[in-house]
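Engineer: quick one, what's the 3D model for this:
(one chain, ligands or ions: 1)
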Amino acid sequence: MPADDRATPNLQIFADANEVAHAAARRFAELAREGVETNGRFSVALAGGSTPKRVYELLAGEEFGARLDWSGVHIFFGDERCVPPDHADSNYRMANEALLSRVALPEQNVHRMRGEGDAVANARLYEDELRGYFGDTTAWPEFDLIMLGMGDDGHTASLFPGTHALGVRTAWVTANWVEKFDTYRVTLTAPAINHARHVMFIVTGAGKAERLEEVIHGAPEPERLPSQLIQPRAGALAWFLDEAAAAKLKGKDEG
Ligand code: 6PG
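Structural biologist: Predicted coordinates:
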């Protein structure tokens, strides 16, 4: 996508990771309330990794946990490692311990992405699960919110540099062989993410500063910087950053 086609990024920069987590939790709660009040339900795909864990803990805490109507909230996953749900690396396990097991979420509202077993079969199963929720006639799932992290290599979800999933244009979910980890992952595809109403990147820490500048302001190189593939077609994209991660962003002080 030519650089000039990319919208001006909505950068929300906070002093530290804790403030980022609070801001992201507030935005999640705002969108969830809006979705449940307007449409009777709210669909969110959670990010894995370590950064969002604090956001999930805050959402389960007293400021949000008891005040949100979880009965209308539907939890999905942006990607999953190919491990059982009780494995230390499982994104489901992290989210379940930090949030899902601590709030009044109906069991049927948690749409777990299976990590155990065959990745290709699990990708197909998850796409069926999504079609069951979003409808079988719709061209793409329209999540109310997709939360994403970004690796220091520029990946997001399990869309890693130079991998098969980057070129998937029709499937909503795909299995993706990640050479550097010598394992499969299961992930939403870039077009599925790009049909969301709201996409929220949460990126913190100095270790990501250089890559973040490349992703946001650098030349389009999505094979090397897969986070550049995330350009919501009609939805809103926001970056929740701490000062450390934003330190190398040029023009970040513009209004
Ligand atoms: C995963 C995530 C992945 C994550 C980034 C950043 O399964 O690991 O979906 O995309 O968001 O790797 O991870 P950290 O937040 O741990 O830096």
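
Engineer: helices of the chain, residue ranges please.
Structural biologist: 17-39, 53-60, 91-98, 119-134, 190-193, 209-217, 243-246 (DSSP state H).

Engineer: contacting residues for the one residue in the stretch 151-255 of the chain that gets nearest to the ligand?
Structural biologist: Using C-beta to the nearest ligand atom, residue 151 is the residue of the stretch 151-255 of the chain that sits closest to the ligand, at 3.8 Å. (Glycine included, C-beta is placed from N, CA and C.) Residue 151 makes contact with 49, 160, 208 under the criterion C-beta atoms under 8 Å, 6 or more residues apart in numbering.

Engineer: filter the residues you listed down to the ones close to the ligand.
Structural biologist: Near the ligand, judged by C-beta under 6 Å from any ligand atom, the entries from the contacts of residue 151 are residue 49.

Engineer: could I get the contacts of residue 151 as JSON lines with neighbour count and pLDDT?
Structural biologist: As requested, these are exported to JSON lines (neighbours: other C-beta atoms under 10 Å; pLDDT from 0 to 100):
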{"residue": "49", "neighbour count": "17", "pLDDT": "94"}
{"residue": "160", "neighbour count": "23", "pLDDT": "98"}
{"residue": "208", "neighbour count": "25", "pLDDT": "98"}
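
Engineer: could you single out the nearest of the contacts of residue 151 to residue 132?
Structural biologist: Relative to residue 132, the closest of the contacts of residue 151 is residue 49; by C-beta to C-beta it sits at 26.7 Å.

Engineer: how many residues are close by residue 219?
Structural biologist: 10 (other C-beta atoms under 10 Å).

Engineer: confidence score at it?
Structural biologist: pLDDT, residue 219: 97.

Engineer: quick one, phi/psi of it?
Structural biologist: With angles defined as degrees, to the nearest 10, residue 219 sits at phi -60, psi 150.

Engineer: who in the stretch 51-200 of the chain is up against the ligand?
Structural biologist: Where the stretch 51-200 of the chain comes near the ligand, counting by C-beta under 6 Å from any ligand atom, the residues are 51, 78-79, 91, 149-151, 155-158.
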